[in-house]
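S.K.: pasting the structure only:
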C-alpha cells in the first residue's frame, strides 16, 4: 500500500476537540513519530504514521515530528531523493511525494501530493489542517490550495514503493 493510499484513507479524521492536538489517532501518529503522547502539532507525524502503515519496517519517511527536520534529514539521506522548489515541475512531482513548506520561525507544514495540474496547482492530503488550508487545524483534509510557485514551498521528498 502506497503512502498516498494510506493518507487518503484518513481524510476526515479529526482531533477529539478542535485545535487541541489530541485524539486517539492523532496521539498514535505522534507516538509513532517519536513524541510523547498527545498535544503537539501533527502534520509531520501524520505523514510518518502513514509511511509506517504503508511500508512497515521499510518506512522511508524520516522519523521525526518536525517538518523542517524531516526535510533536512531527507536532503542528507543517501537513500532518498529530493526535488527543490526551483527544480519542481508539473511533470516531475508525482502522487505520493511529500511536500515541505517553510513558514519561518522554525515552523513548517507538510502534505502528501495527490496530483499536480499542468498549471502547477497541487492537490494534497494534509494532516492537522482545516478547510482554509491552515497548518494548525484539527483534521486530515484534501486541498487544492497550493501551487508550485508558492513562496513558502521548499521542495518535495520522493518516496518510491518498495520492490
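M.R.: Sure thing, it's come through. Source: prediction; values computed, not measured.
S.K.: list the residues that contact the residue nearest to the spatial centre of the chain.
M.R.: The centroid of the chain falls nearest to residue 111 when counting by Cα atoms, centre = their mean (3.1 Å). Contact analysis of residue 111 by Cβ atoms under 8 Å, 6 or more residues apart in numbering lists 43, 47, 98, 99, 101, 122, 124, 125, 126, 143, 146. (Each C-beta comes from the backbone N, C-alpha and C, glycine too.)
S.K.: so what touches the lowest-mean-pLDDT helix or strand in the chain?
M.R.: Lowest mean confidence among the helices and strands of the chain (mean pLDDT, DSSP states H and E): helix 24-32, at a mean of 93. The contact list for helix 24-32, computed with Cβ under 8 Å, 6+ apart, reads 10, 13, 15-16, 21, 36-38, 40, 42, 45-46, 48-49, 52, 65, 127-128.
S.K.: next, the buried residues of it.
M.R.: The neighbour-count check on helix 24-32 (16 or more other Cβ atoms under 10 Å) flags 25, 26, 27, 29, 30, 32 as buried.
S.K.: also stretch 127-146?
M.R.: Residues of stretch 127-146 classed as buried: 127-130, 133, 135, 137-141, 143, 145-146 (neighbour count, 16+ other Cβ under 10 Å).
S.K.: next: stretch 48-68.
M.R.: Neighbour counts over stretch 48-68 (16+ other Cβ under 10 Å) mark 48-55, 59-62, 64-68 as buried.
S.K.: cool, and stretch 102-110?
M.R.: For stretch 102-110, burial by neighbour count (16+ other Cβ under 10 Å) applies to 102, 108, 109, 110.
S.K.: with distance to residue 160, pLDDT and secondary structure as extra columns, can I get those in CSV?
M.R.: Output for the buried residues of stretch 102-110, formatted as CSV (distance: Cβ to Cβ, whole Å; pLDDT from 0 to 100; DSSP: H, G, I helix; E, B strand; the rest coil):
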residue, distance to residue 160, pLDDT, secondary structure
102, 24, 97, strand
108, 23, 95, strand
109, 24, 96, strand
110, 18, 97, strand
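S.K.: give me the residue ranges of this structure where confidence is low.
M.R.: In the predicted model, the chain carries pLDDT under 70 at residues 1, 161-163.
S.K.: please, where are all the strands along the protein?
M.R.: Secondary structure of the chain by DSSP state E: the strands cover 81-84, 98-104, 107-116, 121-129, 139-147, 153-158.
S.K.: want to try JSON lines for the ones you listed, with distance to residue 92 as columns?
M.R.: What follows is the strands of the chain, written out as JSON lines (distance: least, Cβ to Cβ, whole Å):
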{"stretch": "strand 81-84", "distance to residue 92": "6"}
{"stretch": "strand 98-104", "distance to residue 92": "13"}
{"stretch": "strand 107-116", "distance to residue 92": "9"}
{"stretch": "strand 121-129", "distance to residue 92": "13"}
{"stretch": "strand 139-147", "distance to residue 92": "15"}
{"stretch": "strand 153-158", "distance to residue 92": "9"}
